[in-house]
Every structure is written in C-alpha cells, then in structure tokens.
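> Structure here, sequence nowhere to be found:
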C-alpha cells in the first residue's frame, strides 16, 4: 500500500514538473504485455519531444534521452520481427515435413525428370548412331556396286571375244590335242556317231560300273548293238546333246591330264562357260566321263533317243 501511494505521489510530481515518469515492474510472465505497455509511453513522449523517466527497480531511477529510447524501440521491434520470422519458419518446416511423411520424399520425385532427361538423351544418341550406321551401310553398298562393275569390265576385257563355231562347222578333227579332241567329241554327239564318240571318251571306275549295271538290265538286242560300256555311254551322250555352237577359250595340260575351257551356246539361246577334262591315251586324248554323269543319264534311259546312231 505504501509503495502504491509513493507511486501516485511521484507520478503527480512528474506531471507538475513537465516530465512524464513511469514506474515499471516487469515479471517474466508479463513480458509481451510489458513490451506493449513500455512502448506506448515511449512513442507518446517521442511525439511530444519529452523525456521519459522510468524505474526498473524500487531503488533505481533512470532518465533516458529520446534518441536512446528510439534505439531501444527499434531493438525491441527487431526482436519481435525476428521472433515472428523464426516462428513462421518453424511452422513451414513442420508443414513440409508433414507433406513428405504423407506423400514420400520429394527427392525421389525430383529425380524422375532427371531420369526422363537422361532417357531422352540416350534415345537421341541412339538415333544419331543409327543414322551413322545407315550412312556407312549405304557407302559400303555403293563401294560394292562399284567393285562389281569394275569386276565385270575386267572380266569382259580379259575374256576372249565371242567367236562361237556353229555345229554346222564342226568336224572330226582327230584327237591329237585336247582342243581337237573336244571338237571331235561335239561333232560325234551332234551327228550321233556312236562309234567315233565311244572312241573319244574314257570312263572312270564308277562310270564303268554304272554303265555295266545298266547294260545288264538291257534286252539282248541292245547288248549286242552296244556291247561295251563306252558305246552305251556314247549313246546316252548323243541323246543328251543340246549344244548348237561352241568356242575353245583355252586349254591347260599337266602330264596326262588336260582341262579345255569352252564357251557353249545351248538350244535355249543361253551361253555358258565350262571346262571339260581330258585324259591322254595310247591313241590320243579322250574326254573323261564320271559316274555322276552316267547315273544322271541312266535315269532318262526310258526316253526315246534324240538321234539314231550313225557310223
């Protein structure tokens, strides 16, 4: 009670002397309210240009200059603003934490666009590589075509000119050379001269065995006419003849063997190059007939011969 009377007396004296005096007692629990109550008189005194005298403790008084009071007000406002920002940050942080807990980490979702970008980049790289490979394939095809054209021109320039001898010009040229034996062979097949043709061929072991097996199935009349495997094969060769013109391109001889390269025109109008093997015998060169050739012709033996045998 005494303290309250002293306070009223001091306040009254302060008003009479032209100085506003406040006695302030601040407790920890009243800090926010005390700040408001403290700032209001200060602002009022600042507007009037007055001094402020306040008492923090019962035994201490202080007289504060207006500039210091203003600095104090600014400091208090700064503290309030910082506290507000701090509280807002904590609230926002708690909100984001709640969102992450309910929807999962944002990092995983943020990585999705990165993965998408990497995927698009990989696809773009693949397209670039594919385009480069296509260009390389096109270039290789062009080079291959150019090489093929060069090969054809080289073959055309290296091969002898076309100089086919028609069948009407063939003759019995003997068998002193592989080339002459080849002409005699084609003349005999075209004319159907089995006796000359039988003397122009030689049979390997497989061909002889197959020819003998075919003869064994023939009637006696056939075996009498074609009494040797060579004559039977000559008959079969005459039946299969389809060459209308031929040209000797060259011959290669090695000991008792020779290869004659021929260009032949067939009944169908097509020309083909082929090599025939010849073997030297006591009476000259003979064309070698294999078992595969005899087997192929023997399957067609039921057909009528293309030409009758002539001597």
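Perfect, thanks for sending it. Source: prediction; values computed, not measured.
> C-alpha from now on. contacts and neighbour counts both.
Will do.
> Shouldn't residue 72 be within a helix?
Yes. Assessed with DSSP: H, G, I helix; E, B strand; the rest coil, residue 72 lies in a helix.
> Count the residues that sit near residue 173.
15 (other Cα atoms under 10 Å).
> Now do the same contact list for residue 294.
By Cα atoms under 8 Å, 6 or more residues apart in numbering, the contact list for residue 294 reads 207, 210-211, 233.
> Widest-spaced pair of those?
Taking every pair in those and measuring Cα to Cα, the maximum separation is 9.9 Å, between 210 and 233.
> More neighbours: which of the two?
residue 233 (29 against 20).
> Show residues contacting whatever helix or strand the more buried one lives in.
Assigned by DSSP states H and E, residue 233 belongs to helix 229-240. Contacts to helix 229-240, defined as Cα under 8 Å, 6+ apart, come from residues 188-190, 192, 194-195, 197-199, 201-203, 208, 211-212, 215, 226, 294, 297-298, 301, 305-307, 309.
> Which of those fall in strands?
Using DSSP state E, the subset of the contacts of helix 229-240 located in strands is 201-203.
> Quick check: what element follows the helix holding residue 233 along the chain?
Past helix 229-240, the next helix or strand by DSSP H and E is strand 243-254.
> Only the buried residues of that next one, if you could.
Of the residues in strand 243-254, 243-249, 251 count as buried by neighbour count, 16 or more other Cα atoms under 10 Å.
> Give me the residues contacting the helix or strand following that strand.
Using DSSP H and E, the helix or strand that follows strand 243-254 in sequence is strand 257-266. Strand 257-266 has contacts (Cα under 8 Å, 6+ apart) with 164, 178-179, 182, 242-253, 271-280.
> Let me know the angle separating strand 257-266 from strand 243-254.
160 degrees (axes from the mean of the first three to the mean of the last three Cα atoms, to 10 degrees).
> and strand 257-266, which residues are buried?
Neighbour count says strand 257-266 has 257-265 buried, by 16+ other Cα under 10 Å.
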